[in-house]
Structures are given as structure tokens and as C-alpha cells.
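Undergrad: Requesting a structural model of the entry that follows:
(2 chains)
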Amino acid sequence: MTISDTRPDAGDRAAARRPSRLFRNLPSKIAMLPLIFTAVVVFLGGTIWTVVYSFTKSGLLPRLSWAGLDQYERLWSSRKWIVSIENLAIYGFFSLIGTLVIGFTLAALLDRKIRGEAVFRSIFLYPFALSFIVTGLVWQWILNPELGLQNVVREMGWTGFSFDPLNNPDIVMFGLLIAGLWQGTGLIMCIMLAGLRGIDEDIWKAARVDGIGTVKTYIRVIIPMMRPVFVTSLVLIGAGIVKLYDLVVAQTSGGPGISSEVPAKYVMTAMFGGQNLGQGFAASTMMLVMVVIILIPWAYLEFGGKKHG
Amino acid sequence: MADVGILATTKAAEQPVAALLDGPRGPKPVRRFSRSNIIIYGTLFVVALYYALPLYVMIVTSLKGMPEIRVGNIFAPPLEVTFQPWVKAWQEACTGINCDGLSRGFWNSFQILIPSVILSVAIASVNGYALSMWKFRGSEVFFTLLMIGAFIPYQVMLYPIVIMLREAGLYGSLTGLVLVHVAFGMPINTLLFRNYFASIPEELFKAARVDGAGFWAIFFRIMLPMSLPIFVVALIIQVTGIWNDFLFGVTFTSSPERYPMTVQLNNIVNSVQGVKEYNVNMAATLLTGLVPLVIYFASGKLFVRGIAAGAVKG
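TA: Next up is the predicted model:
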């Protein structure tokens, strides 16, 4: 890291003989106090606190009586937690693939110099302005088995048609996925579109001269060139998946049974519903581990090769 | 969505994001009805239908009476338009023992929103300014820490914050919730302002320094007047983010009387008691979504710029 206090120093060199370094550039330091407090006390301090207390016997109240890995053993032997992790894996896998494919395809279509681009773009992006609660509730209504989509298709003649994901434990995660993709793909489309617009027009000319087809140019030339944009998207989607909570609460409340539970919901129930703080701390620490697993490869790719990122 | 864009990763986008999203460049398309064009427009049209459908369903359902919903088609437009569900959702819908409708949640959200937005944008702008023009030893370390913090799942920090607020006597109060929103909105907004101020020519800053202006004078007299667009972007991010929040609302409010709109909406729609009134539910859902939707459609490109700024720029 470079220490770059050059600008204020240039003006303050004469005053550098002041008694203490601490008082140099003082207004800036005072102005940054809220940021310093948030970063150090709330974010760093809070995280360390939770990780430390995840190794204790905390139940109704947090207390520092050591329990080693007991909470983690209980966590991983809990059926609900295992289901949560499996659900997150299913949702995460399909959400990642789906968002990337749909986001990129839409961006590529919009980039074909079409008319009405702004209209299409606002339609694809507006769900992103809505909360997960609103998203979950709308799709809960559309997927309502008696009055929603299933009913409409049956009335059209296909009486045997069955699509009731929210009441079927086997496919409930896909019911959530439909809503999640609807809400989140617009953002990735926008990022991809910005990436596509950043690509040099000459690349396209060169591809045309060489007689490479449009689709092939996208797959062979454009996508590899957009690697940084894809990495950004991956990290954004990944961080969003781990946080999955509101959507589940609104759309299925974790049901039917426990079949759509997710880790974030497990944490909330343990900490604020079940008076089982230790479990909540251990589970949230596992969520932290998941994020670290997502972020380390990214940080390595992004800053690994260079000394000064 | 407050944390959406924190990533400052791509080197690909060196041009300003706004310019990238302004629209296609080059000449207008010549052939209008080629086969590939039909495929492109066809696909876009079908996908647009899928995206527009839920909004349409919300609107038509909220304008129907319950008898019509029970016999009818979810996608059919209302035969008889009624605004009764809207009135009921706003004034009478019940959460637990309170039956004064979503209006309560709306005003709660409003009371949370205004101070949170003002405070977080004010703090983030000063932070960004200090970080880009008045760096000191360690300022970048704190900034990096803040940005890493933005990736930590909120659940990890919730309980320690509950304890901190309780110690300060603020747990369960709107003030406490406002402070939480300010803290968690800080990474994205600070990044936004820091990048913006870093793009302002250094000469301007130096000239002001030579003229004897200090930290605050430069901020208020020079930087503020020229950074209106970025303030609007930050406002959009914060208003939609805070309005849409559910997690903090449910964690840091102590009683149902103080629930923000999203929490109240969820309680109304997912309550197990009574007969389900889908038209009232959809009116309530639409009412809750109205504020961010209005902001989205009114701000247009600035909204896109807001989310893209954090995500692509850097």
C-alpha cells in the first residue's frame, strides 16, 4: 500500500514541526470518525465478537463459558441446518448460472443496436427496485395453486397440468428461484451491458472481416474479453445468494415444513426466535466462512498478480 | 440493494459509466425485417412480458372484488373496477391487534427514511471527500476495512449491534434503527463519493489551498456545489435501499406499532388468521412497492447510473 498523504502535506510542510503527528490533518480525521467507528467497532469488532461467542455455551444470553466446538457439532447434526445448506446450494447453483446466462443474453440482445432499447431496459430492471418482500408476495400469489398460474393453464384445457412449486417440498426452491431471477437479473444485465459497450467497435469489424458469426464472436471473443465484468457479477450474485432471507420469509416462510429453510433464516430463528444464541453465532460464523470461500478466489484473481492493486 | 455495488473491481470500464449506458453508438440499423432481427425482437418481447407480468397481475388483482377473483382468471383485467381493496389495505388491514392498515407502516418507514437518508448521505459525502483529498496515514486502511465489512453477512453483526444499542439505550427505538441504516449504507455511498471526488482535477483543490481555504471551506464552497449529480445518485441508492429493508426493521424494532412498511406488509399478507383477501394483499404489496417504483421510473438513467457506478466503476 502506498501512503499517500502528499496533498495535505504539500501545504503543511511548514507546519510539520508541530508537537504531534496526531494533530496534523486534524479536520479530516475528525470527519472520518463515523467511518472509523463503523469499520473498526461495528464491522470488525462485531464480527470478532460473534466468532468468539460461537465457541461458548450462550443460550438465552451471551456468556463466556467455553464450549469448544460443541455448537458446531450440534449445528451440523441438525436436520434443519443440513436442509438449509442443501437448499442454498441448489438455489445458489441455479441462480448463478441462470442470472449469468439470462443477464448476458439480454445484454447482448440489447446491444444489437435495436430500437426501443430504453423501454426494454426499464422493463427488465424495474423488479430490482422492488424489495424481496414485495417480490416474494407477488410470486406467491401468481404461483397460488387454486387461483394462479396453474388454474389458468387448467382452464385453458390442460386439466392435468400441475405446477405448484410452493407446496411441493421437492421443487419449492425453484419456486423461489423464479422470483429471485425475476428480481435480480436486471442488475446483471445492466452491468453486462456496460461491459459490452466498453468493448472496442474494431473487434466487431475484425470478426466480420474474418467471417466469424455473431454468436461465435460473442462466445469466443467477447466473453473472454469481459472476464472482469463476469468476475464482478459472480461476486455480486454470490454475496447476494448467501444473504437470501427476505424472499424466503415472504414467499414460503421456510415451508412446506422445513423444505425451503436457508442459513440466514436459521440464524435469525436461533438468535431472535429460539433463544439459542450459541447456535445462531455458530451458524452465522459458517455464513461468514461461505463468503470468505467466495471472496478469496476473487481477491486472488483481482489482486494476486499485482503488487499494488 | 444498499450493498449492491460495492465492488470496485473492473478495469474494463475506464470510460464513465454514464456514457457507456447512454445507448448504442454508430449508425442506425438499416435492414429492419431481417430474420435475425425478428428473432431478437421476438425474444426481447417475450422476456419483457415475463418481467412485466407480476406488476400487471398486482395492478389488476388489486382492482378486482373478491368474488371476481374466486371465479376468474388471474391474468384477466377487472370486469368491475373497485378501489375498495386499496382503501382497506391503507386504512383497515390488520396486523395482530392493530387494524389501522398499512398507513401506520408507511409513516414509520417515512420517519425512519428521512433521518437515515440525510445522515448517511451527509456522512458518506464528507468521508468520501476526506478519503480522496485529505488522506492521512491509515485512512486507506480504514476504508479497506469498511469495504470488506460490506461483504460480511449482516447476520454476523446483528447481535453485537443489538448489545451496543441496548447499552446506549437505543434498542427498539427509531433512532437506533436509523443509526443501523447509516452504518450499513456507509460502504457503498462512501465508495461512490470517494470515486467522484477523486475524479475532480487536483488543481482545483490546490488553488483553493493556496487561497487559504481549509477542510470545511473547500468542502462547502467548492466541492458541494459541483457534486449535485452524485448526491442524487446516493439519494436514490439510500431511499430505495432503506425503504426496501426488511432484516433491520424486523430486528431492531421492538413492537408491532413501530414496524416499517415492509415488515407490516409481510405480517398482513402472511397472517394465518381470517379469510385471505388477495385483492387487499395485492393492493398492500403495490402500495409498499410504490415508493421505489416511482423513484425508479422518475429517475430513469440516474438509477442505472447509481447501481452501475458502484459495480463497474473503480
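Undergrad: Check chain A and tell me which residue is nearest its centre.
TA: For chain A, A:Gly240 is the residue whose C-alpha lies nearest the centre (C-alpha atoms, centre = their mean; 1.3 Å).
Undergrad: got a pLDDT number for that one?
TA: For A:Gly240, the pLDDT comes out at 84.
Undergrad: Excluding chain neighbours, what is closest to it?
TA: Using C-beta to C-beta, 6 or more residues apart in numbering or on different chains and skipping residues adjacent in sequence, the residue nearest A:Gly240 is A:Gly184, 6.6 Å away. The C-beta positions use only the backbone N, C-alpha and C, and glycine is treated the same way.
Undergrad: hang on, isn't the one you found packed against A:Ile237?
TA: Yes: the pair A:Gly184 / A:Ile237 is scored as a contact, 7.3 Å apart, by C-beta atoms under 8 Å.
Undergrad: shared neighbours, those two?
TA: The contact sets of A:Gly184 and A:Ile237 overlap at A:95, A:99 (C-beta atoms under 8 Å, 6 or more residues apart in numbering or on different chains).
Undergrad: quick one, which of the two is more surrounded?
TA: Higher neighbour count among A:Gly184 and A:Ile237: A:Gly184, with 26 against 22, using other C-beta atoms under 10 Å in any protein chain shown.
Undergrad: average pLDDT for whichever strand or helix holds that one?
TA: Element membership of A:Gly184, judged by DSSP states H and E, is helix A:172-197. With pLDDT averaged residue by residue, helix A:172-197 scores 91.
Undergrad: and it, what does it pack onto?
TA: helix A:79-110, helix A:117-129, helix A:132-142, helix A:227-242, helix A:246-251, helix B:17-20, helix B:35-62, helix B:301-312 (3 or more C-beta pairs under 8 Å, 6 or more residues apart in numbering or on different chains; DSSP states H and E).
Undergrad: can you put the ones you listed in JSON lines and add distance to B:Leu113?
TA: Shown next, in JSON lines, are the helices and strands packed on helix A:172-197 (distance: least, C-beta to C-beta, whole Å):
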{"stretch": "helix A:79-110", "distance to B:Leu113": "29"}
{"stretch": "helix A:117-129", "distance to B:Leu113": "15"}
{"stretch": "helix A:132-142", "distance to B:Leu113": "16"}
{"stretch": "helix A:227-242", "distance to B:Leu113": "23"}
{"stretch": "helix A:246-251", "distance to B:Leu113": "18"}
{"stretch": "helix B:17-20", "distance to B:Leu113": "26"}
{"stretch": "helix B:35-62", "distance to B:Leu113": "22"}
{"stretch": "helix B:301-312", "distance to B:Leu113": "17"}
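Undergrad: Any buried residues in stretch B:199-215, and which?
TA: Applying a neighbour-count criterion of 16 or more other C-beta atoms under 10 Å in any protein chain shown, the buried positions in stretch B:199-215 are B:200, B:205, B:208-209, B:213, B:215.
Undergrad: still on that earlier bit, where among the helices and strands packed on helix A:172-197 is average confidence lowest?
TA: By mean pLDDT, the lowest-scoring of the helices and strands packed on helix A:172-197 turns out to be helix B:17-20, with a mean of 51.
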